[in-house]
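Visitor: next comes the sequence, and after it the predicted model I'd like to discuss.
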Amino acid sequence: MEQYDSIIVGGGIAGLQAAIQLGRYEHRALVIDAGYGRSTLCKSYHNLLGWPDGVSGEELRRLGRLQAEKLGVAFAHDEVVQAVNKGKPGDGFELWGKSGKGYEAPTLLLATGLMDRIPDIPGLKPCLGLTIYVCPDCDGYEIRNKATIVMGSGDVGAAMALKLSLRTDKLTYVNHGLCAVKGSHVEELKKKGITYIADDIQEVIASESGLFGGLVTVNGNRLEAERGFIAFGGNEVKSDLARQLGAERLENRHIMTDARSKMTSVPFLWAAGDVGVHAEQVTIAMGEGAQAAIWMNKVLLMLKEEANANKVVVRS
């Protein structure tokens, strides 16, 4: 079993920022990453300091990994499927991957994120982050005064359309799956002049460069627009490892952490990024990753001091 000072599960934005911080402390750190996550889908983040023209999630991950590797951080392409707490704090954690490999460390960070539920609609994914968006706080700015279609399901999609009405008055909500929408939402949609269509989406109309042009529904409706938003609900919070280790989670499966240290209810187990109780912003994920790593370093120094003290006692 491979042993490290710290293991980070998840090579997205939070995990990479934590890895960089731990590398700068010169700890023996490992990032275990399956190579696929929310950030790999985003073709461009527009609201990041220093990237006024946008940067893709893949590029951020590539640059982050290079930076961490230069600091001595190791990477393993694997998916962790089992986690075991070896006992009292400091005894460490054992992780097992789909590859059959085992990994061990006294400190562990879960930066496993979440995955948006995105139906398999042709033409949709290539536009994500470019002209179709997920987060109104991140990208509501991008649709201002533009004809926009909200592709969603039920109340979740209706709520997104209502929220986006602050940015544009040219909104259409297509209820894919024809899930129920409560009457108060329907009335509010009408009041705000938002066109409501209950129909399944057959395909997204888009150029090869990811320029959204609208969509075609199963019933043959062709809707034209300049921008799109998705809100299908049912996102997968990847917190099963936290469950295995006994960490406290909310009913929606996001992991509870200490606001100051990002440590979970399990000692020496941290969580950062979208898997935690989090605003789902890239910049916040970065901050939480660094914040967790700072406290992981404090624990590692404490464990080192305790080990040295025990050596002195044994020798005397």
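Guide: Here it is on my side, so go on. In this text, all values refer to a predicted model and were calculated from it rather than measured experimentally.
Visitor: grab the longest helix from the protein for me.
Guide: The single longest helix within the chain, with elements called by DSSP state H, is helix 282-315.
Visitor: which parts of that one are buried?
Guide: 282, 284-293, 295-297, 299-300, 303 (16 or more other Cβ atoms under 10 Å). Where C-beta positions appear, they are placed from N, C-alpha and C, glycine not excepted.
Visitor: repeat that for stretch 132-143.
Guide: 132-136, 138-140, 142-143.
Visitor: now do stretch 213-221
Guide: 213-217.
Visitor: not counting sequence-adjacent ones, nearest residue to residue 82?
Guide: Distances taken as Cβ to Cβ, 6 or more residues apart in numbering place residue 96 nearest to residue 82, at 4.2 Å, with adjacent residues excluded.
Visitor: and the helix or strand harbouring the one you found, what does it pack onto?
Guide: Element membership for residue 96, per DSSP states H and E: strand 93-97. Judged by 3 or more Cβ pairs under 8 Å, 6 or more residues apart in numbering; DSSP states H and E, strand 93-97 is in contact with strand 6-9, strand 80-85, strand 102-105.
Visitor: can you give me the helices for the chain?
Guide: Using DSSP H, the helices of the chain run over 13-24, 38-41, 57-70, 136-139, 154-164, 183-191, 240-245, 282-315.
Visitor: relative to residue 273, which of these is closest?
Guide: helix 13-24 (3.0 Å; Cβ to Cβ).
Visitor: the closest one vs helix 57-70, what angle?
Guide: 20 degrees (axes from the mean of the first three to the mean of the last three Cα atoms, to 10 degrees).
Visitor: how many degrees apart are helix 13-24 and helix 282-315 in direction?
Guide: Put simply, helix 13-24 runs at 40 degrees to helix 282-315, going by the same axes, to 10 degrees.
Visitor: can you tell me what sits against helix 13-24?
Guide: Contact with helix 13-24 is made by 5-6, 8-9, 11, 29, 31, 33, 39, 57, 60-61, 64-65, 67-68, 70-73, 109, 111, 113, 272-274, 282, 285-290, 292-294, 296-297, as judged by Cβ atoms under 8 Å, 6 or more residues apart in numbering.
Visitor: any chance of a markdown table for the helices of the chain, columns mean pLDDT and distance to residue 124?
Guide: Formatted as a markdown table, those follow (pLDDT from 0 to 100; distance: least, Cβ to Cβ, whole Å):
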| stretch | mean pLDDT | distance to residue 124 |
| --- | --- | --- |
| helix 13-24 | 98 | 22 |
| helix 38-41 | 92 | 10 |
| helix 57-70 | 97 | 16 |
| helix 136-139 | 94 | 15 |
| helix 154-164 | 97 | 14 |
| helix 183-191 | 96 | 22 |
| helix 240-245 | 98 | 27 |
| helix 282-315 | 89 | 21 |
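Visitor: in contact with residue 252, which residues?
Guide: residue 237.
Visitor: and it, how far from residue 113?
Guide: 14 Å (Cβ to Cβ, to the nearest Å).
Visitor: wait, doesn't residue 170 sit right on residue 150?
Guide: No: the criterion here is Cβ atoms under 8 Å, and residue 170 misses it with residue 150 at 11.5 Å.
Visitor: quick one: which of these two has more around it?
Guide: Shown here are residue 170 and residue 150; by other Cβ atoms under 10 Å, residue 150 has more neighbours (28 against 18).
Visitor: from what I see, that one and residue 165 are in contact.
Guide: No: Residue 150 is beyond contact range of residue 165, at 10.0 Å (criterion: Cβ under 8 Å).
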